[in-house]
Structure formats: C-alpha cells, structure tokens
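1. pasting a predicted model and its sequence here:
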Amino acid sequence: MVGTLPNGLWNTSAPDRTPAPAFLRARQRSPHTTSEQARHRRLNALHNDHDHHHHHDHADCDHDHGPKHIYIYSPSSAVRDKAAFKRGIARLKALGHEVEVDVDALASHTRFAGDDATRLAAIHRAAASGAHVALISRGGYGLSRILPGIRYKAVAKAIDKGMKFVGLSDFTAFQNALLAQTGAVSWAGPALGADFGVAGEPDDIMEACFDDLLTGHGEGTGWRMHREKPDATTGKPAVPDIYVKSAQLWGGNLAVLASLVGTPYLPSVKGGILFLEDVNEHPYRIERLLTQLLHAGVLAQQKAVVLGQFNQFKLVPHDKGYKLQSVVDWLRTQIKAPVLTNLPFGHVETKVLLPVGATVSLSVEERDALIYWGHIG
C-alpha cells in the first residue's frame with residue numbers, strides 16, 4: 001500500500017490485513033489527478049513485484065503494537081543539552097515505551113561522552129541489553145577513533161535476535177563498519193535529543209516512521225525530488241525514469257563516510273544505492289568530499305546516488321553563483337548512475353528511517369522516487 005502525504009512524501013506499509021501505520025492514518029489522502037492515480041497503480045505494482053522476488057509473506061510478519069524496550073546510550077560526543085535529553089526520554093515514555101538509560105549516557109571526557117573505553121563499553125552494553133531498539137543520544141564525533149575496538153560479532157548477534165541500532169551523523173562510522181565487518185543491517189534514523197527532545201512537539205513524520213520501525217510496518221519510503229531543468233544538450237530530464245530491482249542500500253553522513261575510504265570499515269558495495277547527507281558544509285566542501293569518493297572508485301560502482309538534505313551552510317559573494325545545484329550538476333557529469341535529490345533524511349526535523357545494508361528496490365517516475373525494502377525482521 002502506498003500513501004501520499006501533503007508535503008510530497010509517501011510511505012509504504014504492509015497490506016490491508018494489518019492496521020495502517022500511524023504515518024498513513026495521520027497523513028494519507030487520495031490522489032487528486034489521473035496522473036497521480038496512475039502513479040499509485042504503478043507503485044503498488046512495484047510493491048507486489050518486490051514481494052514476489054524477495055518472498056516476503058506478510059501474513060507471517062510479527063506486527064507487535066505493544067510497548068518496546070529502548071536503550072539510550074552515548075557512543076560519540078558528550079550530551080551538553082541535558083534538558084533535551086530529559087525531554088526525549090519523557091517523550092518516549094509518554095508513547096508507552098520502556099526506556100533504559102545507559103549508566104554512562106551523560107558521561108563527559110573533554111568533548112566526548114566518556115573516554116574511548118567508556119564509550120566502547122556503552123556500545124557493548126547496548127548490544128547485550130536485549131532491547132528492541134538501541135538509540136543514540138546524539139551524534140557529533142567520536143566513533144571513528146574506536147572502530148577497531150567494537151565487538152562486531154556481538155552487535156550482529158544482537159541484531160539477529162531482533163535489535164535495531166538507530167542513529168545518524170557520526171553514527172555513520174559505526175553503521176558502515178558494522179556492514180563491512182559483518183553484513184548486519186542497522187537503521188539510519190533519529191537521535192534522542194535532537195529529534196525526540198525538541199522543545200515543542202517532535203516532527204510527526206519522523207515519529208511515525210520510528211513507530212513503524214517498532215511495530216514492523218515500515219517497508220519503504222517515497223518522496224518528491226526537486227524540480228530541475230532538463231539537460232540543456234539532450235533535453236532529457238535530469239533524472240530518468242528508472243527501476244532498480246535489487247540493490248544494497250548504504251551510506252549516511254558524507255563527511256564521515258569519506259573519512260572511511262582506505263580503511264577496513266568502508267563497505268565494498270558494488271551495484272548499490274548510496275544515500276548521502278551533511279550539515280554545516282559549504283557546497284565546495286561537499287564537492288570535495290564527493291571527489292574523494294569519486295577518485296576512490298566508490299561512486300562509479302553504484303546503481304544510483306541519492307542525495308538527502310544538505311543544510312546550515314552559507315553562500316558568500318566569492319561563490320559567484322556557485323551553489324549546491326552546481327555540485328549536483330557537476331556530479332552528474334562524472335558518473336553514469338542517476339543522481340536523485342531531496343531524500344527526506346539528514347540533520348532536519350522531518351526524516352525517514354532507512355535500513356543501512358538492506359536489499360532494496362528503487363523506482364523513479366518523473367519527480368517521484370520510491371525506495372522499497374519490504375519486511376525486515
């Protein structure tokens with residue numbers, strides 16, 4: 001089932017024999033035009049085709065709507081905003097969940113949430129907690145320096161038993177190292193403080209996507225890309241209509257990912273779908289980071305590159321018209337794979353959750369894009 005959302009997002013969920021997830025109950029609306037109706041028919045056909053090839057039996061899926069055990073820990077920077085930390089815990093508890101806070105979640109050692117040994121121990125306690133979800137308190141920096149000390153087999157074993165490791169930003173280092181070392185799937189998604197601990201109400205789309213993860217409903221995400229001019233030479237659309245039947249989804253924060261090049265912690269993904277986001281990086285720095293991935297041969301091996309949200313930078317007079325779109329246009333001249341834009345993920349309030357390392361399908365029709373992964377236990 002595909003539900004359209006007012007802001008150009010839509011979400012896929014299990015067939016109608018299970019209750020519609022909150023994401024759809026709160027936001028679903030009917031298509032307004034014949035073209036949108038046709039789009040929905042094609043996207044639902046994609047849903048069915050993916051299920052056929054991946055042999056998912058939704059009748060056997062465990063859609064558990066009860067309270068979940070969520071483990072909060074701090075593997076990166078120290079938590080400075082204690083109020084946001086407390087609000088995030090209160091919010092999760094208000095949603096009915098059991099929240100367990102790691103003993104060193106508020107530890108501080110210079111800029112880090114404890115020294116390296118403390119943060120490694122926190123990761124391993126999270127893996128041993130038996131929680132449904134291990135959620136980071138915040139990103140920042142710190143995981144790259146402790147990657148050699150992580151017991152990846154223990155983390156992968158916890159994931160095999162059903163635990164979901166969720167986070168973003170600096171967490172990209174952990175997620176890709178885990179994928180490179182074990183092949184285990186983790187989730188790019190919210191952090192406690194920045195997302196659940198906001199002063200007002202948390203973003204309802206983010207919260208509903210997180211709920212879909214907890215209940216086993218979330219099976220994909222769709223969005224509308226930026227409107228772009230056709231190619232000046234060929235007249236073809238900036239992003240062609242495509243269908244990628246089966247590819248590994250991976251990526252995360254661009255700066256962190258680029259820092260893993262040349263290490264055993266960068267996955268060797270061929271024929272994948274690479275998603276990227278970043279914050280506080282001027283477009284020329286974004287281009288420089290992409291150049292690192294380009295020259296390392298990473299980008300040429302992908303079936304698609306999906307750009308999320310790049311924000312909180314400031315253009316200057318020296319740019320003389322150089323902007324983020326300039327980077328996108330340049331990237332398209334460097335690789336054969338399509339470059340998609342506007343994925344709702346990054347250092348923004350409205351973010352979806354993405355399974356890092358999972359096999360997915362990708363469909364693009366005009367400005368509408370859909371990444372579908374089906375049920376992930």
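-> Perfect, I can see it now. Numbers count the residues shown, from 1 in each chain.

2. okay, buried residues for stretch 77-88 please.
-> By 16 or more other Cβ atoms under 10 Å, the buried positions in stretch 77-88 come out as Ser77, Ala78, Val79, Ala84, Phe85, Arg87, Gly88. For the C-beta atoms, the positions are set from N, CA and C on the backbone; glycine is no exception.

3. the fifth one and Lys270: what is the separation?
-> Per Cβ to Cβ, to the nearest Å, Phe85 is found 40 Å from Lys270.

4. just for the stretch 51-200 of the chain, where's the confidence low?
-> For the stretch 51-200 of the chain, the stretches flagged by pLDDT under 70 are 51-63.

5. the strands in it, which residues?
-> Counting by DSSP state E, counting those that start in this stretch, the stretch 51-200 of the chain has strands at residues 69-73, 98-101, 133-136, 164-167, 186-188.

6. wait, what's in contact with the residue nearest to Tyr284 when sequence neighbours are not counted?
-> Among residues not flanking Tyr284 along the chain, Tyr322 sits closest, at 6.9 Å (Cβ to Cβ, 6 or more residues apart in numbering). Applying Cβ atoms under 8 Å, 6 or more residues apart in numbering, we find Tyr322 in contact with Pro283, Tyr284, Leu315.

7. and with 10 Å instead?
-> By Cβ atoms under 10 Å, 6 or more residues apart in numbering, the contact list for Tyr322 reads His282, Pro283, Tyr284, Glu287, Leu315, Val316, Trp330.

8. swap in His347?
-> If you count contacts by Cβ under 10 Å, 6+ apart, His347 has them with 139, 168-169, 191, 194, 253, 277-280, 308-312.

9. test my guess that Ile371 contacts Leu353.
-> No - judged on Cβ atoms under 10 Å, Ile371 makes no contact with Leu353 at a distance of 11.1 Å.

10. what about the two, which has more around it?
-> Ile371 (26 against 20; other Cβ atoms under 10 Å).

11. next one: phi and psi at the nearest residue to Thr118 once chain neighbours are set aside?
-> Among residues not flanking Thr118 along the chain, Asp104 sits closest, at 5.2 Å (Cβ to Cβ, 6+ apart). Dihedral pair for Asp104: phi -110, psi 20, per degrees, to the nearest 10.

12. need the overlap of contacts for Ile371 and Leu353.
-> Counting by Cβ under 10 Å, 6+ apart, the shared contacts of Ile371 and Leu353 are Thr221.

13. buried stuff in stretch 317-335?
-> Tyr322, Leu324, Val327, Val328, Asp329, Leu331, Arg332, Ile335.

14. show the buried residues in the contacts of Tyr322.
-> Taking 16+ other Cβ under 10 Å as the criterion, what is buried in these is His282, Pro283, Glu287.
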